[in-house]
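Enquirer: got a sequence here, can you build the structure:
(2 chains)
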Amino acid sequence: MVREQGPFKLSHPWSGIAWGTVAVVFIVSFLLGFIVLGRFQVNGPKLGTWAAICRAIGLSADRDPANEPQPPLQTPTRIAWTQATLARIASGSEQHGEFVALNCTACHGDQGVSSSTLIPALAGMNSAVIYKQLDDYRSGKRLWGVMSAIASALSEQDSADVAVYFARRPDGLPPIAAEGAPEGGRSLRQRDPTIRLVFAGDPERGIPPCAACHGPGAQKLGAPALRGQHVAYLERQLAAFAQGMRQNDINQQMRVISHELKADEMHAVAVYYGVADGHE
Amino acid sequence: MNRSKGLAILHYWVAFATFLVAVLLGAWQMLMRSPLPAPLDDSATYYASVTLHGTAMAYVVTTFFTMGFGYAVAATSLGRAIRGMTAAWIGFGICLVGTLMAVGAILSGHASVLYTFYPPLLASGWYYGGAFLLIAGSMIWVVLMILNMRDWKRDNPGKPVPLPMFAITATAMLWAWAASGVLLELAAILLPRAFGWSDLIDAGLARTLFSVTLHAIVYFWLMPAYIAFYTLVPQAAGGRLYSDTMGRLTFIMFLIFSLPVGMHHLFMDPEHGSGFKFLQSALTFLVALPTLLTVFSICASLEIAGRVRGGRGLFGWIQALPWKEPMVLAVGLSLVMLGLGGFGGLINMSYAMNSMIHNTSWVTAHFHLIFGGAVVIMYFAIAYDMWPRITGTPLRSKALARTQLWLWFFGMLITTIPWHIAGLMGQPRRVAAFDYTDPLMSRMGPLVIISVIGGVILLSSAILLIVILVRSHFGERTAGEPMRYALAVNPPVRVPPALNGFGLWNAIVLVLMVLAYGYPIGQFFFLKPHSVPAVAETTLTDSGGRP
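Expert: Next up is the predicted model:
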């Protein structure tokens, strides 16, 4: 009788074999479930033994977000259009700016109008735009030739001063406010595709009108006036945005829009806004 | 002896009468959730019907059938009258009262929580009370089985307990262990809330307690079929049981490995960590061992019978088997369904694969194929085998019985195979109505319609079953053959004490249960006490059936 021998007398072959088999099965399942599974079946780095056991009994069961590698945080620019930023730009000294601008004249011309079609005219450009681009060059958010080195040599105040200086140069880019939108331009029924693109955009491709930010007729803070800019420069910037070579548009709008534009459209828009060779 | 027979047959009648009603409900439910028009097209009625169908099939039919089978086996295999007849009748009465209470509550529309209760859904206290009485009443049967085996052993020292009695006692112990979970859930959580003694329900604890029951109960349903495999099938086939020891080992393994495994029903529950889920998933796989052992033993026993009957060659013995015997035909059909359903079950119990089919129609199809198919068809065969011996009136027509078995077999395959596929396509279970105009659902429409056809075949088979049993019951009485169980090829003369009792095995079960369930249940008392307000049935119906 089993009862006489007792279920726990392991010396008895049946008891020994039964308890032994059950123990082996249990231990193997336990090790797999509590050590191996708990340790390796996680997103991210393997857990230690203790952490694995805790996870296996449900004490830390996946309450945190998946610990997957994340790309480094990227911001298109350091500039935010806060009151402090605008106040700093507004406080810029045109007089000191003229001195700072001596760094610029070799490429951008005496009065802020360059002779090279790949180098933008600065005269008449909005001071906030110039200030932001200088900061982007300084922080590596925008890259172009010597501009990073030059911008790095400038203090924030220098940037504001030189921005104000160029913004007030005459004979460069005409102020946006002076020019209204052409009659009937803001219509999707406009026959000229370039004018339609500039003033009405292309809703099917999610392209807003260029003029909504860059004029004529309207301007958004941070968006440069384009009328009178070099064609080659404009076209090159559109291409750079489209290919992700230039990434310092705050809300990614220029990268999105340019990506949708075909090469001939980029050219047509640049031609519409700009002047082909030299400045008037 | 005769009084034991009357006891058994009354249990059988309650089981099969309930069965017919439940099949009718099932067929209507198939129609209701299909694209075809159904009478009484109403979601609230559907959920009440599913609750009644599940409660009837899972608790009433199985418990009454197994109790009746147990009394019949105890009386016939031990060759003496059952001791404790008064207690047995009291148990029968308690179970019947419980059944009526539960059924009444469901019909009143205040207990549409499905037979698995699904706390924090809250049903009428009558339903919980009825279920409690039904299950607790069956514990009297458990005690009687154990006492009868113990008394026989005391009166026959050193003799091996007959395999049928050994197996039915294993079944009784398995049921006692299994029922502990649901009885605790009812007594400690659901009934106090239904009576208004508490406001909240710890749903996680309740579900975990129910998982103790939820898998082992399936083996409680299965055991009569396995007992028939070992003790009735070889006899009906005209052969001998291949091995008595394998039979004992099989039932012992079922007792051990069907219990600490219920958490594979909780793979998606957030209260438990992955460790215990994996552990119980791994232990679940061991349940395949007694099943494979059984398939081997039964095939071997049938081969012995086939060769005794003159079968020759590698497969000639299969043809030589007496397929005209309902019991032999039933075991063939049952093994086919057990094989198909068993492989599906491997997917359900796998921790990772389960997530593909969790809460889809696949699961419903699986347990209908295993329980509704492989097991219930053996219940029919057992009834056809025992009815003449109990009532003394022979089965009127074995051909009609075979027709009934074939109808059930094909009906179940036609129902469950498309059901499996729809589940793989993502059809959720426990849903009353689908929008078949939806592109996702429209692909499943034809599959569901095929299932409905299967349901109608099943209903016709169930009606035929009752007709056969009634005809047999009221037929001409002849001298009934006594109940005979299969002899083993080497009949046991002396068996090791470990294979003649359950002390060792119950100790192992206890240790395994503490290891597998101690922490998962204990954590609710110390680490995660978390109760929620119950969702009463009335709040559901007031908002048009939607919570």
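
Enquirer: quick one: the helices in the stretch 1-150 of chain B?
Expert: For the stretch 1-150 of chain B, the helices defined by DSSP state H, counting those that start in this stretch cover B:2-32, B:43-55, B:62-78, B:85-107, B:125-155.

Enquirer: what's the closest non-adjacent residue to the one residue in the stretch 351-500 of chain B that gets nearest to chain A?
Expert: Residue of the stretch 351-500 of chain B nearest chain A, by Cβ to the nearest Cβ: residue B:498 (3.6 Å). In short, each C-beta sits where N, CA and C put it, glycine included. Excluding its sequence neighbours, the residue lying closest to residue B:498 (Cβ to Cβ, 6 or more residues apart in numbering or on different chains) is residue A:14, at 3.6 Å.

Enquirer: give me the contact list for stretch B:39-49.
Expert: Defining contact as Cβ atoms under 8 Å, 6 or more residues apart in numbering or on different chains, one finds that stretch B:39-49 is touched by B:25, B:28-29, B:32-33, B:106-107, B:109, B:111-112, B:114, B:432-433, B:541, B:545.

Enquirer: ok, so of the residues you listed, who is nearest residue B:359?
Expert: Comparing those against residue B:359 with Cβ to Cβ picks out residue B:114 as the nearest, at 12.6 Å.

Enquirer: give me the below-cutoff pLDDT ranges for the stretch 401-547 of chain B.
Expert: Counting by pLDDT under 70, the low-confidence segments of the stretch 401-547 of chain B come to B:479-480, B:537-547.

Enquirer: now do the contacts for residue B:403.
Expert: Going by Cβ under 8 Å, 6+ apart, the list of residues near residue B:403 reads residue B:464.

Enquirer: just list the residues touching the closest residue to residue B:534 other than its chain neighbours, thanks.
Expert: Nearest non-adjacent residue to residue B:534, counting by Cβ to Cβ, 6+ apart: residue B:122, 3.8 Å away. Residues near residue B:122 by Cβ under 8 Å, 6+ apart: B:113, B:190, B:193, B:194, B:201, B:534, B:535, B:536, B:537.

Enquirer: residues near residue B:490, how many?
Expert: By other Cβ atoms under 10 Å in any protein chain shown, the residues close to residue B:490 number 12.

Enquirer: which residues touch it?
Expert: Residues in contact with residue B:490, defined by Cβ under 8 Å, 6+ apart, are B:243, B:244.

Enquirer: measure it to residue B:307 for me?
Expert: The gap separating residue B:490 from residue B:307 is 17 Å, by Cβ to Cβ, to the nearest Å.

Enquirer: packing partners of the host helix or strand of the residue nearest to residue B:498?
Expert: Per DSSP states H and E: residue A:14 is located in helix A:13-30. Judged by 3 or more Cβ pairs under 8 Å, 6 or more residues apart in numbering or on different chains; DSSP states H and E, helix A:13-30 is in contact with helix B:274-285, helix B:503-526.

Enquirer: can I get the CA coordinates of the helix or strand following the first one in PDB?
Expert: The helix or strand immediately downstream of helix B:274-285 is helix B:288-308, counting by DSSP H and E. These are the backbone C-alpha positions of helix B:288-308, laid out as PDB (Å, rounded to 0.1, in the frame of the first residue of the first chain):
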ATOM      1  CA  ALA B 288      -0.100  15.000 -24.900                       C
ATOM      2  CA  LEU B 289       1.700  12.100 -23.300                       C
ATOM      3  CA  PRO B 290      -1.300  10.200 -21.900                       C
ATOM      4  CA  THR B 291      -3.200  11.000 -25.100                       C
ATOM      5  CA  LEU B 292      -0.500   9.500 -27.300                       C
ATOM      6  CA  LEU B 293      -0.200   6.600 -24.900                       C
ATOM      7  CA  THR B 294      -3.900   6.000 -25.200                       C
ATOM      8  CA  VAL B 295      -3.900   6.200 -29.000                       C
ATOM      9  CA  PHE B 296      -1.100   3.600 -29.000                       C
ATOM     10  CA  SER B 297      -2.800   1.300 -26.500                       C
ATOM     11  CA  ILE B 298      -6.200   1.500 -28.300                       C
ATOM     12  CA  CYS B 299      -4.700   0.900 -31.700                       C
ATOM     13  CA  ALA B 300      -2.800  -2.100 -30.300                       C
ATOM     14  CA  SER B 301      -5.900  -3.400 -28.600                       C
ATOM     15  CA  LEU B 302      -7.900  -3.100 -31.800                       C
ATOM     16  CA  GLU B 303      -5.100  -4.800 -33.800                       C
ATOM     17  CA  ILE B 304      -5.200  -7.700 -31.300                       C
ATOM     18  CA  ALA B 305      -9.000  -7.900 -31.900                       C
ATOM     19  CA  GLY B 306      -8.600  -7.600 -35.600                       C
ATOM     20  CA  ARG B 307      -6.000 -10.400 -35.800                       C
ATOM     21  CA  VAL B 308      -8.100 -12.600 -33.400                       C
END
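
Enquirer: to what extent is residue B:359 buried, counted in neighbours?
Expert: With other Cβ under 10 Å as criterion, residue B:359 counts 15.

Enquirer: actually, residue B:114.
Expert: 18.

Enquirer: so residue A:17 versus residue A:10, what's the distance?
Expert: Separation of residue A:17 from residue A:10 (Cβ to Cβ): 9 Å.

Enquirer: and for residue A:19?
Expert: Distance of residue A:19 to residue A:10, given as Cβ to Cβ: 6 Å.

Enquirer: ditto for residue A:38
Expert: According to Cβ to Cβ, residue A:38 and residue A:10 sit 31 Å apart.

Enquirer: same question, residue B:443
Expert: Going from residue B:443 to residue A:10 by Cβ to Cβ gives 59 Å.

Enquirer: and if you look at residue B:129?
Expert: In terms of Cβ to Cβ, residue B:129 sits 45 Å off from residue A:10.

Enquirer: same question, residue B:228
Expert: According to Cβ to Cβ, residue B:228 stands 36 Å off from residue A:10.

Enquirer: any regions of chain B where pLDDT drops low?
Expert: Within chain B, the ranges that satisfy pLDDT under 70 run B:1, B:479-480, B:537-547.

Enquirer: show me which residues of it sit near chain A.
Expert: B:256, B:270-279, B:282-283, B:286, B:496-501, B:503-508, B:511-512, B:515, B:519, B:523, B:527 (Cβ under 8 Å from any Cβ of the partner chain).
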